[in-house]
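Trainee: Need a 3D model of the sequence below.
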Amino acid sequence: MAKNIEIGCDVTEVHPDLLKIVNETMPEETELYDLAELFKVFGDSTRIRILYVLLQAEVCVCDLAALLNMNQSAISHQLRILKQNKLVKTRREGKSIFYSLADEHVRTIIAMGQEHIEEEN
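Mentor: Numbers count the residues shown, from 1 in each chain. This next block holds a predicted model:
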């Protein structure tokens, strides 16, 4: 049974059965916070550019700096953030450290985001 709640001049109908389902499936607040923090990482165009390079190849900081026309320090800073958020992983070969996407989830997130912005309304 729907319950009417008056808001200003309008009356809004609330559906308790629907609210119960949503409340039962809503993740914990800490999980929602972590998800929001993950999406913040994607809010920086430099990090997105780095991820796009890593979609194509495993590279070192020197390669990234040359490709993106940035200094190694700036690249390293962004890679640290990406690694802390489990979006990239490293592999050591001698004195060199190579970076790659952490897993297929990262590739999927980027592909879905790209598909979304390319949609026509």
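Trainee: if I look at residue 78, how far off is residue 55?
Mentor: From residue 78 across to residue 55, the span is 15 Å (CB to CB, to the nearest Å). From N, CA and C alone the C-beta is placed, and that goes for glycine too.
Trainee: next one: residue 64
Mentor: The gap separating residue 64 from residue 55 is 13 Å, by CB to CB.
Trainee: Residue 108 now?
Mentor: Relative to residue 55, residue 108 is positioned 11 Å away (criterion: CB to CB).
Trainee: neighbour-wise, which of those two wins?
Mentor: More neighbours surround residue 55 than the other of residue 108 and residue 55, with 13 against 10 (other CB atoms under 10 Å).
Trainee: quick one: contacts for that one?
Mentor: Under the criterion of CB atoms under 8 Å, 6 or more residues apart in numbering, the contact list for residue 55 reads 101, 107, 110.
Trainee: so which strand or helix has the last one?
Mentor: Using DSSP states H and E, residue 110 maps to helix 104-118.
Trainee: Against which helices or strands is that helix packed?
Mentor: helix 45-56 (3 or more CB pairs under 8 Å, 6 or more residues apart in numbering; DSSP states H and E).
Trainee: Quick one: work out the angle between the helix it packs on and helix 104-118.
Mentor: If you take axes from the mean of the first three to the mean of the last three CA atoms, to 10 degrees, helix 45-56 sits at 120 degrees to helix 104-118.
Trainee: hang on, the earlier thing: show residues contacting the helix holding residue 110.
Mentor: With CB under 8 Å, 6+ apart, helix 104-118 has contacts from 42, 48, 51-52, 55, 87-88, 101.
Trainee: one more time with 6 Å, if that's ok
Mentor: 51, 87, 101 (CB atoms under 6 Å, 6 or more residues apart in numbering).
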